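In: Turn this into a model:
(chains A and B)
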Amino acid sequence: MKYTYKDFKSDQEVRWCPGCGDHAVLAAMQRAMPRVAEALGYEKERFVVVSGIGCSSRLPYYMDTYGFHGIHGRATAISTGIKVANPSLNVWQACGDGDALAIGGNHFIHAIRRNIDINIILFNNQIYGLTKGQYSPTSKFGAITKTSPYGTVEHPFNPGSLVLGAKGTFFARGLDTELKLNEEIMVSAATHNGTSVVEMLTNCVIFNDGAHSSISGRETKADRTIVLRHGQKMIFGKNRDKGLILDGLRLKVVTIGEKGITEDDILTHDAHNDNIGIHMMLADMKYPEYPVALGVIRDVADVTYDGGVRMQAEQVTAKAKIHCVDDLLRSGSTWEVR
Amino acid sequence: MQHKVIDAKDVVIRFAGDSGDGMQLTGSLFANMSAVYGNELSTFPDFPAEIRAPHGTLSGVSGFTVHIGSEHISTPGDYCDMLVAMNPAALKTNARWLKRTALVLIDEDAFDDQGLAKAGFKGNPFTELKIEDRTIVSSPITSLTFESLKDSGLDHKAIGRCKNMFTLGMACFIYSRPIEYIYTYIENKFGKKHPELVAPNKKALFDGYNYASNIQAIPNTYHIEPAHVKPGLYRNITGNQAIAWGLLAAAEKSGLRLFCGSYPITPATAILEELALHKSLGATTLQAEDEIAGICTAIGAAYAGDLAVTTTSGPGLSLKSEAMGLAVMTELPIVIVDVQRAGPSTGIPTKTEQTDLNQVLYGRNGECPLVVMAAHSPANCFDAAFNAAKIALEHMTPVVLLSEGFLGNGSEPWRIPSMSDYPEIRPPYARQSDEGKFHPFERDPETMARRWAVPGQKGFEHRVGGLEKNHEGVLSSAPDNHAVMVRERAEKVARVADSIPLLAVDGPAEGHLLVVGWGGTFGHIGSAVSQVRLSGVDVSYAHFDYINPLPKNTADVFSRFDRILVCELNSGHFAGYLRTVLPQFDYLQYNKVEGQPFLVQELAEAIEKVLQERSGHNGVSEN
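Out: Reported below is the predicted structural model:
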């Protein structure tokens, strides 16, 4: 490979709190980039990392690429402008749950609707960290935070449902501690043509420590999460004996070898299936009823906005009678004064 | 009645009717035809925000004013020589604009009991409005149109829509206009998609013309000689169209693609619509999900190396404020076009004002200066947009270009320039030869502009953002660094003054009174000043196209006059700004905030008042 992770490490001092999940996501990203460069045949100068505001949005400073640290919630709009202006760039975006889903919710769903070819890493720690501990749109119902001292009385967003509800073409979920998996997911996101959203479940050690601990514990992780890979059986568990089947219109966890269930009964993951229903169910799975799905849940091909813009411009230009501003100024109704 | 043909120097015609009556089209056709005929002209559409307000009501009246003449015309005119009123509501809302000698043409079919009641008339509308002394031509235009087109094969509704053509035919007769131009227009408009409409529209126009020539009710017709204008190729252009084209011209002269990220908003939308047509000239338009995304996509596109613009009006500008600060902080070249409308809040979206000046000068957090300029006429919007883009690109700064609803929707004939007369635009790109690591906020010692490195350029990887940085592009919250960066960003904007024209004075370079204006009031103030001069007094006029920074000679110009009268369509934003930046002078004000342009007459009176009270206390507010 032409590059190593060191090529993507900037000389800036990383200032996240010790133990913050963001460190691991950054490491995965720096490791994924050489593979992405290889897969796409891109030079390093074609990588741009954009962010909004929040702890995770400091990320562009730590990547030795072109970078744009935007304003709160607007990273998606800035990324969109960059990609439309120059589709040959590989655009990455780092944003948090508050940034992308509260103040920037509008831009987030519209980028997905347009299917613009950008890669959004959504750091979901279920809390506002940089402002020191207020609830976010992904905080659990009843969460006690500085602005909800008696518990929230509002439902959280599930980022996956939001992405898929907006007809997203790519959704994946990672867990901060899963370095290898995250690297793999990021390469898949980069090679997907269209908006890729990767929800990274991250831990805020200061204001929301253990937000994902019910599924991230070393001992319990294998039983409480399932890593989905296209074309592979939906099997999980420490003993690889649990799986998912369809029971009527619902997913159901079963144990292989019990009640006559064999491996053949277990669903095979089809990330490329255009039908959003099963992907929605997988993205929605919550512990303890289900394992939480990690990996690439959906990856389907569709036309992209930036591709459409360029194609339309070429088609119109091929037929156009106006090729320069002088042509334009003299087009339509004019008259000569002698 | 003895029919006379009168030679007129200029006439003002106002077409008014229900918002579904097609008055905007009728007026603009009359204007275009007059332009082709060779007259000077200016137009002013005045329409309600409702697309189809309740039929026949005062709020649903849509008007279009055309001022044509054989000499220079710089405003749509205050009072009209002819009012076409398609219903009683149109008569009522426009009666105050009638000259003493005006002709009023009404569709008497619409003046039935129901129509009169909807407009709130109790008896004779002319008596109630005290306009019974005007020449009233009452014609059953609706029934005549139905009679004219009874064999056309069109249904009732479609025939009803042709009454504006019948009316236009009558107007063409009264003002001796050749109707062939409109025939061509009708053929081009309907020929392909609705060929069945071509013949009926032509017939309605033709029959209207003949009807007007046959009835004895029209006392005089008018002849307006073509104007002696500079030879060349001309076209009509609206301010919004001219802004779009000026931006395309700047893209061509800079060799960049044009990116426009915008959200539809009255009265700026037509710029986005126009740019969307011109993909063959390298324009990309992105209709964003909101105003904020409009400017943020533009900022992204500027970072990626495009000539990036966003277009909006006052409420949209409010939403963009934070992102404008980001553009100031990242020092990226974007053009923000604000076609001002009556505010605050939603205000009166279709009416014109100059009430966003304070917002663009001061409406951001932090020390956040950017370049502010203003267009002064519909055709001038072309040069203004070109210059806005040139400054943005060469000085690496956001530029706000202020237009107004009056300019955006108004039109005037424009002598088509050649692009060879426009300068090249040369942004300060980071050069491959620059040695060592790229420092994004190091500056050109002359302009203070930073260098522009664009993603894809090898070896120039760098980060920009809203956080304060040092020259190397490294985050810094050091007090002295912040002070330096604040000062340098301001100095960069101030030095734009080295690249803009000096302030010109119309009239004597010194004297008793200097009238000052900015933006779209140019035609009205200029006409008022000319009118005052007819009485033999000296009065000078200076119009500002550049507001921040001001032209370098502004203080020098001001110092040569005893008094300065600042006229603007707000409560005194520019006057207040001048008091801040040039506090050594006293400023008199003349202000109007009615959602309407100035009247030449009211400005002339205000100027005369100052001149008369040259020694004592003046009646114009001085604060």
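In: State the mean pLDDT of stretch A:72-91.
Out: Averaging the model's pLDDT scores along stretch A:72-91 yields 98.
In: in it, what's buried?
Out: Applying a neighbour-count criterion of 16 or more other Cβ atoms under 10 Å in any protein chain shown, one finds A:72-87, A:89-91 buried in stretch A:72-91. For the C-beta atoms, the positions are set from N, CA and C on the backbone; glycine is no exception.
In: List the contacts of the residue of the stretch 101-250 of chain A at minimum distance from chain B.
Out: Minimum separation of the stretch 101-250 of chain A from chain B (Cβ to the nearest Cβ) falls at A:His110, amounting to 4.0 Å. Residues near A:His110 by Cβ atoms under 8 Å, 6 or more residues apart in numbering or on different chains: A:Thr76, B:Ala288, B:Glu289, B:Ala293.
In: of all the residues in the stretch 201-338 of chain A, which ones are close to chain B?
Out: A:309, A:312-313, A:316-317, A:320, A:322-326, A:328-330, A:332-338 (Cβ under 8 Å from any Cβ of the partner chain).
In: List only buried entries from those.
Out: The buried subset of those (16+ other Cβ under 10 Å) comprises A:Val309, A:Ala313, A:Ile322, A:Val325, A:Asp326, A:Leu328, A:Leu329, A:Trp335.
In: if you look at the residues you listed, which of them are in helices?
Out: A:Val309, A:Ala313, A:Val325, A:Asp326, A:Leu328, A:Leu329 (DSSP state H).
In: What sits closest to the last one if chain neighbours are left out?
Out: Going back to what we said before, that points to A:Leu329. B:Ile416 (4.8 Å; Cβ to Cβ, 6 or more residues apart in numbering or on different chains).
In: And for the fifth one?
Out: Nearest in space to A:Leu328, with sequence neighbours left out and distances taken as Cβ to Cβ, 6+ apart, is A:Ile322 at 5.1 Å.
In: Kindly state the pLDDT recorded for that neighbour?
Out: 96.
In: Just to check, it is in contact with B:Ala283?
Out: No - contact criterion Cβ atoms under 8 Å: A:Ile322 and B:Ala283 do not qualify, at 11.0 Å.
In: Mind listing the shared neighbours of these two?
Out: In contact with both A:Ile322 and B:Ala283: no residue, using Cβ under 8 Å, 6+ apart.
In: Distance check, the residue nearest to A:Leu328 against B:Asn236.
Out: 18 Å (Cβ to Cβ, to the nearest Å).
In: now swap in B:Pro315 and tell me
Out: 29 Å.
In: cool, B:Asp78 as well?
Out: From B:Asp78 to B:Asn236 the distance is 22 Å (Cβ to Cβ).
In: Ok, B:Ala217 next?
Out: Taking Cβ to Cβ, one finds B:Ala217 at 32 Å from B:Asn236.
In: what about those two, which has more around it?
Out: A count of neighbours by other Cβ atoms under 10 Å in any protein chain shown puts B:Asn236 above the other of B:Ala217 and B:Asn236, at 23 against 14.
In: Model confidence score at the closest residue to B:Arg463 other than its chain neighbours, please.
Out: Distances taken as Cβ to Cβ, 6+ apart place A:Gly67 nearest to B:Arg463, at 3.7 Å, with adjacent residues excluded. In this model, A:Gly67 is scored at 98, pLDDT.
In: Check which helices and strands the host helix or strand of A:Gly67 sits against.
Out: Using DSSP states H and E, A:Gly67 sits in strand A:66-69. With contacts taken as 3 or more Cβ pairs under 8 Å, 6 or more residues apart in numbering or on different chains; DSSP states H and E, strand A:66-69 sits against strand A:47-51, helix A:59-62, strand B:463-465.
In: To B:Met86, which of those lies closest?
Out: Nearest of these to B:Met86, taken as Cβ to Cβ: strand A:47-51 at 54.1 Å.
In: Just the angle for the longest helix along chain A relative to strand A:47-51, thanks.
Out: What stands out as the longest helix in chain A, according to DSSP H, is helix A:22-40. Helix A:22-40 and strand A:47-51 are oriented at 150 degrees to each other (axes from the mean of the first three to the mean of the last three Cα atoms, to 10 degrees).
In: what about helix A:22-40, near chain B?
Out: No - counting by Cβ under 8 Å from any Cβ, chain B has no neighbours in helix A:22-40; the shortest distance is 12.3 Å.
In: Just the pLDDT for residue 5.
Out: You didn't pick a chain, so chain A it is. Looking at A:Tyr5, its pLDDT reads 96.
In: Correction: the question concerned chain B.
Out: 88.
In: where does B:Cys567 fall, helix, sheet strand or coil?
Out: strand (DSSP: H, G, I helix; E, B strand; the rest coil).
In: again with B:His67
Out: Applying three-state DSSP: B:His67 is strand.
In: check contacts around the closest residue to B:Val529 other than its chain neighbours.
Out: Closest residue in space to B:Val529, ignoring its immediate chain neighbours: B:Tyr541 at 4.5 Å, by Cβ to Cβ, 6+ apart. By Cβ under 8 Å, 6+ apart, B:Tyr541 lies in contact with B:Val505, B:Asp506, B:Gly507, B:Leu514, B:Val515, B:Val516, B:Gly517, B:Ile525, B:Gly526, B:Val529.
In: For PyMOL, what selects the buried ones among those?
Out: Applying 16+ other Cβ under 10 Å to the contacts of B:Tyr541 leaves a buried subset, and the PyMOL line that selects it is:
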select buried, chain B and resi 505+507+514+515+516+517+525+526+529
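In: And the contacts of B:Tyr541, which is closest to A:Phe141?
Out: B:Gly517 (59.6 Å).
In: That closest one reaches B:Leu565, doesn't it?
Out: No - counting by Cβ under 8 Å, B:Gly517 sits too far from B:Leu565 to count as a contact (9.3 Å).
In: can you tell me which residues contact B:Asn409?
Out: Counting by Cβ under 8 Å, 6+ apart, B:Asn409 touches B:Phe44, B:Pro45, B:Thr238, B:Gly239, B:Asn240, B:Pro267, B:Ala270.
In: In strands, which of these appear?
Out: When DSSP state E defines the strands, the subset of those inside them is B:Phe44, B:Pro45, B:Thr238.
In: Can you give the distance from stretch B:288-303 to the centre of its chain?
Out: With Cα atoms, centre = their mean, to the nearest Å as the basis, stretch B:288-303 stands 24 Å off its chain's centre.
In: what are the C-alpha coordinates of it, in PDB please?
Out: Presented in PDB, the C-alpha positions along stretch B:288-303 are these (Å, rounded to 0.1, in the frame of the first residue of the first chain):
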ATOM      1  CA  ALA B 288     -30.900  23.600  -0.400                       C
ATOM      2  CA  GLU B 289     -33.200  22.300   2.400                       C
ATOM      3  CA  ASP B 290     -33.000  25.700   4.100                       C
ATOM      4  CA  GLU B 291     -31.200  29.000   4.100                       C
ATOM      5  CA  ILE B 292     -28.500  27.800   6.300                       C
ATOM      6  CA  ALA B 293     -27.700  24.900   4.000                       C
ATOM      7  CA  GLY B 294     -27.800  27.400   1.200                       C
ATOM      8  CA  ILE B 295     -24.800  29.300   2.500                       C
ATOM      9  CA  CYS B 296     -23.100  26.300   4.100                       C
ATOM     10  CA  THR B 297     -23.000  24.400   0.800                       C
ATOM     11  CA  ALA B 298     -21.700  27.600  -0.800                       C
ATOM     12  CA  ILE B 299     -18.900  27.700   1.800                       C
ATOM     13  CA  GLY B 300     -18.100  24.100   1.100                       C
ATOM     14  CA  ALA B 301     -18.000  24.800  -2.600                       C
ATOM     15  CA  ALA B 302     -15.700  27.800  -2.000                       C
ATOM     16  CA  TYR B 303     -13.400  25.600   0.100                       C
END
